[in-house]
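**Q** Sharing a model prediction with you, sequence too.
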Amino acid sequence: MNPVLLGVNIDHIATLRNARGVAYPEPVQAAAIAEQAGADGITIHLREDRRHITDRDVRLLAETIQTRMNLEMAMTSEMIAIAKATQPEFVCLVPEKREELTTEGGLNVADQLARSKDVVAELSEAGILVSLFIDADKRQIDAAHAAGAPFIELHTGHYAETSGAEQQQALKQLQEGAAYAASLGLTVNAGHGLHYHNTQPIAAIPEIYELNIGHAIIARAVFSGLAEAVREMKLILQGAR
Ligand SMILES: CC(=O)[C@@H](O)[C@H](O)COP(=O)(O)O
Ligand SMILES: NCC(=O)COP(=O)(O)O
């Protein structure tokens, strides 16, 4: 069985840079190091408030990434225009609230199906592969399929934030959601809150194609260096199945 691919989210390289308004650490350099260490793709989240990744980062990374860019963004006209101008291989549509510390849940595709269909169609017509960041919930999976997205990314936040029986229940929901989504023909990614001690059970889910992992890799890089942090996560994914 093919090992799960690793998308490295470099948002928090930009968080560290923006903390002082200086020019380092440079996200372009981080992407190159991550790719050289085995990242299969680079994920960046251009938030409406630009708290970390900026428009300048998106432009430079679009020109320098050697693998592929997964641009995470809200379903707004501003972001759609940026995506069409940038032409990333992937766009992942995520929910966004200015006041949130990080992404708090999956996109509610089911309650905005017409809008979701339109945005998926517009980005697809521009040659971009669209993924919808959703909870592992049958109603949302059905809606993502109806919206015409070829990919979904299952939100692993609840799994990552819980333990014991509650975490096992969240894992079961992710396992069932991945199997159901794959039965509909969707390609299934997953991410949010994954780290070196909770990723293996998610990577072992046979229908998972790619995991997007960021905060934990950047955190480990503080002590081990980014290349080593990426290599260690790749080893977990390669040994998971
Ligand atoms: C959608 C998701 O779970 C993350 O990829 C997202 O980027 C989290 O936002 P921050 O990186 O701003 O925490
Ligand atoms: N979509 C998930 C992602 O890109 C990274 O999330 P995290 O590992 O930073 O929580």
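**A** Right, received. Where do you want to start? Small disclaimer: the values here were computed from a predicted structure and weren't measured. Ligands and ions are numbered 1, 2, ... in the order given.

**Q** Moving C-terminal from the helix ranked longest in the chain, which element do we reach first?
**A** The residue-count maximum for a helix in the chain (DSSP state H) belongs to helix 164-183. Using DSSP states H and E, the helix or strand that follows helix 164-183 in sequence is strand 187-191.

**Q** got the CA coordinates for that following strand in CSV?
**A** In CSV, the C-alpha atoms belonging to strand 187-191 read as follows (Å, rounded to 0.1, in the frame of the first residue of the first chain):
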residue,chain,number,x,y,z
THR,A,187,-9.6,11.7,-2.6
VAL,A,188,-9.2,12.0,1.1
ASN,A,189,-6.6,14.1,2.9
ALA,A,190,-6.5,15.0,6.6
GLY,A,191,-4.9,17.5,9.0
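
**Q** What are the buried residues along the helix or strand following that strand?
**A** Once the chain leaves strand 187-191, the next helix or strand it forms, by DSSP H and E, is helix 200-203. By 16 or more other C-beta atoms under 10 Å, the buried positions in helix 200-203 come out as Ile202, Ala203. In this view, the C-beta of every residue, glycine as well, is placed from N, C-alpha and C.

**Q** ditto for stretch 160-174
**A** Ala160, Gln167, Ala170, Leu171, Gln173, Leu174.

**Q** Then stretch 141-156?
**A** Buried-residue list, stretch 141-156, by 16+ other C-beta under 10 Å: 141-145, 147, 149-156.

**Q** which two from those end up farthest apart in space?
**A** Spatially, the most separated pair among the buried residues of stretch 141-156 is Ala147 and Thr156, at 21.0 Å (C-beta to C-beta).

**Q** Show me where this structure has its helices.
**A** 11-18, 27-36, 55-64, 77-86, 113-125, 138-146, 157-161, 164-183, 200-203, 215-224, 226-238.

**Q** And the fourth one, what does it pack against?
**A** Going back to what we said before, that points to helix 77-86. The contact analysis (3 or more C-beta pairs under 8 Å, 6 or more residues apart in numbering; DSSP states H and E) places helix 77-86 against helix 55-64, strand 69-73, helix 113-125.

**Q** Would you mind listing the buried residues in the last one?
**A** The reference is to helix 113-125. Buried residues in helix 113-125 (16+ other C-beta under 10 Å): Ser116, Lys117, Val119, Val120, Leu123.

**Q** what's the pLDDT at the second one?
**A** If you check Lys117, the pLDDT there is 98.

**Q** Quick check: the gap between it and Leu186.
**A** In this view, Lys117 and Leu186 are 15 Å apart by C-beta to C-beta, to the nearest Å.

**Q** quick one: contacts for the residue nearest to Ala160 when sequence neighbours are not counted?
**A** In space, and not counting its chain neighbours, Ala160 is closest to Gly193: 2.9 Å by C-beta to C-beta, 6 or more residues apart in numbering. Applying C-beta atoms under 8 Å, 6 or more residues apart in numbering, we find Gly193 in contact with Thr156, Gly157, Tyr159, Ala160, Glu161, His215, Ala216.
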